[in-house]
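In: A predicted structure for the sequence below; I have some questions about it.
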Number of protein chains: 2
Amino acid sequence: MRALVFDGTGLVARDVPRPVPSRDECLVRVRVAGICGTDLQLLDGYAGFRGIPGHEFVGEVVEAGSPELAGLVGRRVVGEINAGCGRCVWCEGGIREHCVDRTVLGIRGRDGAFAEYLVLPAANLHAVPDEVRDRAAVFVEPLAAACRVLEQVDVAGRPVAVLGDGRMGLLSGLVLRSAGARVTIVGHHAAKLDVGRRLGLHAIDAAEVDPARRFPVVVDATGNPSGLRIACALVQPRGTVVLKSTFHGDTAMATWPIVVDEITLVGSRCGPFEAALDLLQRRAIDVEPLIAEVFPLSRAEEAFALSRTALKVLIVPGTHPRA
Amino acid sequence: MRALVFDGTGLVARDVPRPVPSRDECLVRVRVAGICGTDLQLLDGYAGFRGIPGHEFVGEVVEAGSPELAGLVGRRVVGEINAGCGRCVWCEGGIREHCVDRTVLGIRGRDGAFAEYLVLPAANLHAVPDEVRDRAAVFVEPLAAACRVLEQVDVAGRPVAVLGDGRMGLLSGLVLRSAGARVTIVGHHAAKLDVGRRLGLHAIDAAEVDPARRFPVVVDATGNPSGLRIACALVQPRGTVVLKSTFHGDTAMATWPIVVDEITLVGSRCGPFEAALDLLQRRAIDVEPLIAEVFPLSRAEEAFALSRTALKVLIVPGTHPRA
């Protein structure tokens, strides 16, 4: 099959063997995959990943690893990205994303979605309702990550500043607003802020932020080291800063304001696929305006270049009909 | 009166005018004052303070700023260090420590306790029960700061690592243990760890920490930039790191582990004086073994030098009987 492979220096398209599902896994033909900020970070050295990246996808189950899973064949699915050992306290508690021995699709020890096929444990797969088309379903993974914030922080009725007008910033803004938060997106990119506004979000340039204004909740979705510093300056005493940004390298900052202002910082990663699918099925939020462009796998270089500046860039790995 | 004055370069003992209480304040004759890590940080440039430092004290009310406060004269007291504007939402909610316009005894815009007298609002003062002697009462302010953790994090029955075998580390360990936490003090100083052990705490050298062990709660009371990094490595996924350290300068660290492990960081500052006084009155904890030495104000230089390496160093500013 064709796949994009990262060898530690560059991303190259090449032919690799189609993966073979183990007994608890399914083989999934990837219909559409999305490029995420984390993919760009991986190429910059984050997590020391080698292999096929890509962890946002919608696909179709084409083969089951054991007869008990045969019922899944033919299903259109999205997939949770963490595959646990199945035996530790985290796995037993259903929280695979914190299993110490986990593999993570396209991020850690497991080939990902920028390929014609991938394998994932059947337990990770979620059927996609017919009314959610591929172009929306491919957002389920990052949308679930945005939904994770709702499990961690009470936002209903509260002013929330979301720092970052990129993919995660806008998705977080949409999800938080759907839960009743009074969201302000703070960004630097006129075109992306405009997409936010078209989706009904209050989106302003960072230069327009009232320097005296403080928010009870600030979400850092900037994807860069400045985000945490700005968030700590923008949050009110005893407020909460949610950290969504993962990036390679260090952040240098004074930590005494966290103590003096008694700020709570909450690290936030993967979230509930059910909640994300529900939002899409109910049409509670519209994610498709975030799509900048769709590329075939053969034009991955262009796709990755564009995704450094654009919102969501999608890749169609196979030759099946476009999303 | 005699006082220690910090002019931005050094701490000098000199004669200054006795402060005059405003209508809502009392004049307090300082019986004993304690040197805190924050005082040492102030001398290193933290918070840009100029004036008389010192914010841990026990004293005696000798004059009231208005007749309605006359009943306080003669009372032995300790004092909360934050004086608010009295009009903002924080002050109205009784949370003076987050008033934007606050002064802070010996830290921000208000002369402190390394002097024969100080003034504080009557609302900040707490009477000290007779059974709590000066040598214990002088610990109420840092002990209250340790009690603040109990308001923020549920520790009962849970393993808690306290990083730092200094004053705040040991006080935090004692307070957390009194609330049912299974405390491990982690430090670098054999003599201080021994004090912890004499107080019944499980106290180990950092080199003895099992590298595979993870704690649900870690308290950083190291007072230096390494603390947060170590805390994030020692806490379990979805665990809580409590930040107690304020120090001058930046910390450089990778923030992605906070996100990937979904760590919650909680800044923690001043705490409830009632709870601290109650612990001392009930003799639930014994703080006096932390006292390294007691100096008169005239030997402040020695006192400050010692406090950089010893546990609690006390200063008796006046000529009244020693604590």
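Out: Sure, I can see it.

In: residue A:90 in helix, strand or coil?
Out: Look at residue A:90: counting by DSSP: H, G, I helix; E, B strand; the rest coil, its state is helix.

In: state the pLDDT value of residue A:258.
Out: pLDDT recorded at residue A:258 is 95.

In: which residues sit in contact with the residue nearest to it when sequence neighbours are not counted?
Out: Excluding its sequence neighbours, the residue lying closest to residue A:258 (CB to CB, 6 or more residues apart in numbering or on different chains) is residue B:267, at 4.0 Å. C-beta: built from backbone N, CA, C; applies to glycine. Counting by CB atoms under 8 Å, 6 or more residues apart in numbering or on different chains, residue B:267 touches A:257, A:258, A:259, A:260, A:261, A:262, A:263, A:264, B:243.

In: ok, and the closest non-adjacent residue to residue A:260?
Out: Using CB to CB, 6+ apart, the nearest residue to residue A:260 is residue B:269, at 6.0 Å.

In: so that neighbour sits right up against residue B:145, yeah?
Out: Yes: with contacts defined as CB atoms under 8 Å, residue B:269 counts as touching residue B:145 at a distance of 6.6 Å.

In: on that earlier part again, what's the neighbour count on the residue nearest to residue A:260?
Out: For residue B:269, the count of nearby residues is 19 (other CB atoms under 10 Å in any protein chain shown).

In: show me where the stretch 51-200 of chain A has helices.
Out: Along the stretch 51-200 of chain A, the stretches classed as helices by DSSP state H, counting those that start in this stretch are A:89-92, A:134-137, A:140-152, A:167-178, A:190-198.

In: buried sites along the third one?
Out: Right, the one you point to is helix A:140-152. For helix A:140-152, the neighbour count (16 or more other CB atoms under 10 Å in any protein chain shown) marks A:140, A:141, A:142, A:143, A:144, A:145, A:146, A:147, A:148, A:149, A:150, A:152 as buried.

In: then the first one?
Out: The neighbour-count criterion (16+ other CB under 10 Å) identifies A:90, A:91 as the buried residues of helix A:89-92.

In: what about whichever residue of the stretch 101-250 of chain A sits closest to chain B, which SS state?
Out: When scored by CB to the nearest CB, the stretch 101-250 of chain A has residue A:237 as its residue closest to chain B, at 3.8 Å. At residue A:237 the chain is in strand, as set by three-state DSSP.

In: pLDDT score for it?
Out: pLDDT at residue A:237 comes out at 96.

In: test my guess that it contacts residue A:264.
Out: No: at 10.8 Å, residue A:237 does not count as touching residue A:264 under the criterion of CB under 8 Å.

In: name the residues that touch the helix or strand of chain A with the lowest mean pLDDT?
Out: Every helix and strand of chain A was ranked by mean pLDDT, DSSP states H and E. The lowest is strand A:251-253, at a mean of 88. For strand A:251-253, contacts defined as CB under 8 Å, 6+ apart pick out A:225, A:228, A:229, A:232, B:250, B:251, B:252, B:253, B:254, B:255.

In: so where's the stretch 51-200 of chain A shaky on pLDDT?
Out: Across the stretch 51-200 of chain A, not a single residue meets the criterion (pLDDT under 70).

In: and the residue of it closest to chain B?
Out: Closest to chain B within the stretch 51-200 of chain A is residue A:98: 3.8 Å, counting by CB to the nearest CB.

In: who touches that residue in this structure?
Out: Contacts of residue A:98 (CB under 8 Å, 6+ apart): A:90, B:237, B:238, B:261, B:262.

In: again with residue A:119
Out: Applying CB under 8 Å, 6+ apart, the residues near residue A:119 are A:19, A:20, A:21, A:22, A:25, A:26, A:27, A:28, A:65.

In: let's go with 7 Å and repeat that
Out: Shown in contact with residue A:119 (CB atoms under 7 Å, 6 or more residues apart in numbering or on different chains): A:19, A:21, A:25, A:26, A:27, A:28.

In: from these, which is closest to residue B:318?
Out: Nearest to residue B:318 among the contacts of residue A:119, counting by CB to CB, is residue A:25 at 77.1 Å.

In: who does the closest one bridge with?
Out: Beta-bridge pairing for residue A:25 (DSSP bridges): residue A:121.

In: get me the contact residues on chain A for chain B.
Out: Proximity of chain A to chain B (CB under 7 Å from any CB of the partner chain) is limited to residues A:98, A:228, A:237-238, A:243-247, A:249-256, A:258-269.

In: could you list which of the residues you listed belong to strands?
Out: Among the residues of chain A next to chain B, DSSP state E puts A:237, A:238, A:243, A:251, A:252, A:253, A:264, A:265, A:266, A:267 in strands.

In: would you list the buried entries among these?
Out: The neighbour count (16+ other CB under 10 Å) marks A:237, A:238, A:243, A:251, A:253, A:264, A:265, A:266, A:267 as buried among those.

In: now those in a markdown table, with distance to residue A:291?
Out: As requested, those are arranged in a markdown table below (distance: CB to CB, whole Å):
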| residue | distance to residue A:291 |
| --- | --- |
| A:237 | 40 |
| A:238 | 39 |
| A:243 | 26 |
| A:251 | 31 |
| A:253 | 34 |
| A:264 | 34 |
| A:265 | 32 |
| A:266 | 29 |
| A:267 | 28 |
